[in-house]
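Trainee: need a 3D model of the sequence below.
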Amino acid sequence: MSHGKIREDKTCLNCGHQVEERFCPHCGQENIESRHPFYYLFTHFIEDFTHYDGQFWGTFKNLMFKPGALTTTYLEGKRQKFVPPVKLYIFVSFITFFVFAIFPLMHFNFNSKNDSEGSGKITIFDRMKTLDSKKIIDSIKAKRVQTQEDSAAVKSLSVLPDSAKIDDLEQAFEMDKKIDHDVQYGGYKTRKSYDSALAKNPSALDFIQKPLAHKFFELKERGVTKAEIAKSLTETSFHNLPKALFIYLPLFAFFLWIFHSKKKWWYFDHGVFTLHYFSFLLLNILFVFLLVKLASLTNIWFINTILYLVLSALLIYIMGYFFIAHRRVYHTHGLISFIIGGILFTLNFFTFMILVVGLALVSFLMIH
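Mentor: Numbering: from 1, shown residues only. Below is the predicted model of the structure:
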């Protein structure tokens with residue numbers, strides 16, 4: 001409840017009806033003074049969302065620890081007890097992407113070797129080189145008796161690239177360099193040669209390939225560096241991700257609609273389940289991100305061990321949450337629910353990957 005001062009005038013400012021107590025019986029507006037300090041704009045938003053009556057915290061608790069409870073309660077018609085699904089998704093989405101905007105998701109130093117030596121910064125490739133896998137493997141093989149753990153370690157370390165491969169990779173990632181003149185797109189070095197070949201041999205996928213090729217040649221001709229491309233691509237993809245998730249919501253609900261009874265479950269019901277599930281995913285993606293960030297800030301092995309154990313448990317819980325929520329909401333038999341859940345999970349995973357690839361292509365075309 002708001003702590004605003006009640007107006008002496010009992011006429012509602014919104015609808016003109018008489019207000020006997022604090023709230024108007026006709027429209028529900030609170031009859032308090034309309035002019036407030038500036039900070040009230042922010043405190044009122046928090047009050048309105050949390051309600052101080054436990055609505056928000058009850059929603060949060062059920063969303064996190066009772067898979068499917070919010071959806072079941074909402075579909076039963078009990079809609080004043082918890083935060084509405086759309087409002088919950090918008091709020092969680094806003095908080096998640098706001099935190100991502102403040103703290104960068106990834107920060108790798110891909111500077112060239114000369115730049116790193118001059119600035120004293122250690123690049124990601126320098127860190128890779130510090131682990132001399134060849135020497136470790138040789139020391140293990142020098143043992144007279146090798147245990148099963150030694151054999152597993154040799155197999156794992158054999159996968160790591162040697163110094164020569166790291167040098168090649170480092171050269172490829174010299175982000176301060178422009179796209180080389182010899183770099184080709186589909187075997188063509190210039191836009192003119194590409195368009196000429198395209199006119200002679202048209203393809204059904206030209207509507208996708210042609211814009212990408214033109215953008216590539218445009219960036220090449222402008223002399224844009226790899227670092228500028230990577231930065232612009234990352235920023236554009238980040239700004240497009242909330243839109244992509246919002247677009248995917250009805251598609252996720254559509255897949256649920258396909259695999260369940262059309263008489264018992266309406267598309268609306270699947271939409272409610274989808275909003276709650278995506279709110280859970282976004283919230284836990286935020287928690288995973290914060291745990292990883294926290295682990296990167298401390299070098300105390302004991303604390304890092306605890307953090308990574310919590311992180312591992314959280315990732316397992318995220319994977320299993322969908323199956324638990326799906327069974328509780330749709331009341332299907334355990335084995336049938338698991339099979340349907342597995343199909344839906346796999347189908348949505350590959351469909352979303354296609355959406356992510358499409359998002360990357362669109363982001364590339366939007367580079368300026």
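Trainee: walk me through the domains of this protein.
Mentor: Following automatic domain parsing, one finds the domains of the chain at 1-35, 42-107+225-368, 111-174.
Trainee: return the most buried member of the ones you listed.
Mentor: Of those, the one with the most neighbours on average (mean count of other Cβ atoms under 10 Å) is domain 42-107+225-368, at a mean of 15. The C-beta positions use only the backbone N, C-alpha and C, and glycine is treated the same way.
Trainee: what mean pLDDT does that one get?
Mentor: Average pLDDT, domain 42-107+225-368: 85.
Trainee: can you give me the helices for the stretch 201-350 of the chain?
Mentor: 206-222, 226-258, 267-297, 301-330, 334-365 (DSSP state H, counting those that start in this stretch).
Trainee: okay, these in CSV with distance to S93 next?
Mentor: Formatted as CSV, the helices of the stretch 201-350 of the chain follow (distance: least, Cβ to Cβ, whole Å):
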stretch, distance to S93
helix 206-222, 29
helix 226-258, 6
helix 267-297, 6
helix 301-330, 17
helix 334-365, 16
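Trainee: which one, of the ones you listed, ends up nearest to T96?
Mentor: helix 267-297 (4.6 Å; Cβ to Cβ).
Trainee: so which of the domains of the chain comes closest to E218?
Mentor: That would be domain 42-107+225-368 among the domains of the chain, by Cβ to Cβ, at 8.9 Å.
Trainee: any idea how far the closest one is from the chain center?
Mentor: 8 Å (Cα atoms, centre = their mean, to the nearest Å).
Trainee: buried stuff in the helix or strand encompassing D195?
Mentor: Assigned by DSSP states H and E, D195 belongs to helix 191-200. Buried residues in helix 191-200, defined by neighbour count with 16 or more other Cβ atoms under 10 Å: R191, Y194, L198.
Trainee: so how far is E76 from the first one?
Mentor: To E76, R191 is 61 Å away according to Cβ to Cβ, to the nearest Å.
Trainee: can you tell me the element V92 falls in?
Mentor: Counting by DSSP H and E, V92 is part of helix 85-102.
Trainee: which residues are contacting that helix?
Mentor: Surrounding helix 85-102, the residues in contact under the criterion Cβ atoms under 8 Å, 6 or more residues apart in numbering are 49, 59, 63, 70, 74, 82-83, 238, 241-242, 245, 271-272, 275-276, 278-279, 282-283, 285-286, 289-290.
Trainee: try 6 Å
Mentor: For helix 85-102, contacts defined as Cβ atoms under 6 Å, 6 or more residues apart in numbering pick out P242, V272, L275, H276, S279, L282, L283, L286.
Trainee: how about stretch 348-368?
Mentor: P211, K215, S232, L233, T236, S237, N240, A244, Y248, F252.
Trainee: how about JSON lines for the residues you listed, with distance to Y330 added?
Mentor: Formatted as JSON lines, the contacts of stretch 348-368 follow (distance: Cβ to Cβ, whole Å):
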{"residue": "P211", "distance to Y330": "42"}
{"residue": "K215", "distance to Y330": "45"}
{"residue": "S232", "distance to Y330": "44"}
{"residue": "L233", "distance to Y330": "40"}
{"residue": "T236", "distance to Y330": "38"}
{"residue": "S237", "distance to Y330": "34"}
{"residue": "N240", "distance to Y330": "32"}
{"residue": "A244", "distance to Y330": "26"}
{"residue": "Y248", "distance to Y330": "20"}
{"residue": "F252", "distance to Y330": "15"}
